[in-house]
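**Student:** Prediction below, plus the sequence it came from.
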Amino acid sequence: MSKYNPWPLGQLPKELQRPELDQLKDKGYEFDDPREVITIFEDKVAKFAGSKYAVAVDCCSHGIFLSLTYLLWQNEIFYKDVITIPKHTYISVPMQIHHVGCIPEYEDREWYGVYHLKGTRVWDGAIRWTEGMYVGDNALQVVSMQLKKRICIGKGGMILTDDHETYKALKLMSYDGRDLTLPYDHPNHVQSLGYHMYMTPEDAGRGLMIMDALPKNNNDSASWESYPDVEQIMGTIL
């Protein structure tokens, strides 16, 4: 990773800075660059979930958006394709499908913890957090770390995958297409079209500490019964 140069402005007094990075070092974590904390968190989540890789993002909704966008770029799905989801889920899921130019279709489906966005290899696992939770079969499984979830960092998420090329592409996409192993002024520093959807080191640090405090096996935090009919809601705004 290239050396991180802090911005010359905005240096807060110590008592106003977020404490997570110092707390991690107090707990024995070792890192020189704050961005290394994100990699440590990704590796820990992947090992816990049973996937080979995990990509940290700023929320589950953006994880779904990036996953679907990646599949569009790979010609695995296409503009105006139909993607079938349960009618009882969180409202951002059909919104992300619309945002990438596809069409959500709804079905009565009972689900617990994780469900498939049919027509893709994306899975919404927003309310599952337990050891070995990755569904496998080269899925792009998105995890939520919102305030009500087991890893309650406030806002955050992960995309689980078994494919190294997918991992590399999603990492670039999540951070403005930037390759963080290269200096900012390197001619190949920006390598793809990207989005500003990365996780901060402080949030990753909080996630690491919560992971260390939680049991490995946990019940799902909600199910299909926890959500309203999003088909009906979407019908009122489109």
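**Tutor:** Arrived safely, thanks for sending. Numbering: from 1, shown residues only.

**Student:** only C-alpha atoms for contact and neighbour calcs from this point on.
**Tutor:** Noted.

**Student:** Let me see the contact set for the nearest residue to D179 once chain neighbours are set aside.
**Tutor:** Nearest non-adjacent residue to D179, counting by C-alpha to C-alpha, 6 or more residues apart in numbering: H189, 5.4 Å away. In this structure, H189 makes contact with R178, D179, L180, L182, P183, judged by C-alpha atoms under 8 Å, 6 or more residues apart in numbering.

**Student:** can you pull the pLDDT of H189?
**Tutor:** Reading off the confidence values, H189 has pLDDT 95.

**Student:** and what of the one 3 residues further on?
**Tutor:** If you check S192, the pLDDT there is 95.

**Student:** how many neighbours does it have?
**Tutor:** 15 (other C-alpha atoms under 10 Å).

**Student:** ok, now the one 3 residues further on?
**Tutor:** Burial of Y195 is recorded as 16 neighbouring residues (other C-alpha under 10 Å).

**Student:** Pretty sure it sits against Y175.
**Tutor:** Yes - contact criterion C-alpha atoms under 8 Å: Y195 and Y175 qualify, at 6.0 Å.

**Student:** Shouldn't I151 be within a helix?
**Tutor:** No - read with DSSP: H, G, I helix; E, B strand; the rest coil, I151 is coil and lies in no helix.

**Student:** Extract the residue ranges of this protein that are flagged as low pLDDT.
**Tutor:** 6-10 (pLDDT under 70).

**Student:** on that earlier part again, out of the contacts of H189, which end up buried?
**Tutor:** R178, D179, L180, P183 (16 or more other C-alpha atoms under 10 Å).

**Student:** Is it possible to get those out as JSON lines so that each row also shows secondary structure and distance to R121?
**Tutor:** JSON lines is the format used below for these (DSSP: H, G, I helix; E, B strand; the rest coil; distance: C-alpha to C-alpha, whole Å):
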{"residue": "R178", "secondary structure": "strand", "distance to R121": "25"}
{"residue": "D179", "secondary structure": "coil", "distance to R121": "26"}
{"residue": "L180", "secondary structure": "coil", "distance to R121": "27"}
{"residue": "P183", "secondary structure": "coil", "distance to R121": "34"}
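
**Student:** Show me which pair in those residues is furthest apart.
**Tutor:** Maximum pairwise distance among those (C-alpha to C-alpha): 9.8 Å, between R178 and P183.

**Student:** where along the chain do the strands fall?
**Tutor:** Using DSSP state E, the strands of the chain run over 53-57, 82-86, 103-107, 115-117, 122-124, 140-144, 157-161.

**Student:** which residues touch S223?
**Tutor:** S223 makes contact with E110, W111, Y112, G113, I127 under the criterion C-alpha under 8 Å, 6+ apart.

**Student:** and the gap between the second one and Q96?
**Tutor:** W111 sits 20 Å away from Q96, going by C-alpha to C-alpha, to the nearest Å.

**Student:** before we move on, what about K27?
**Tutor:** 38 Å.
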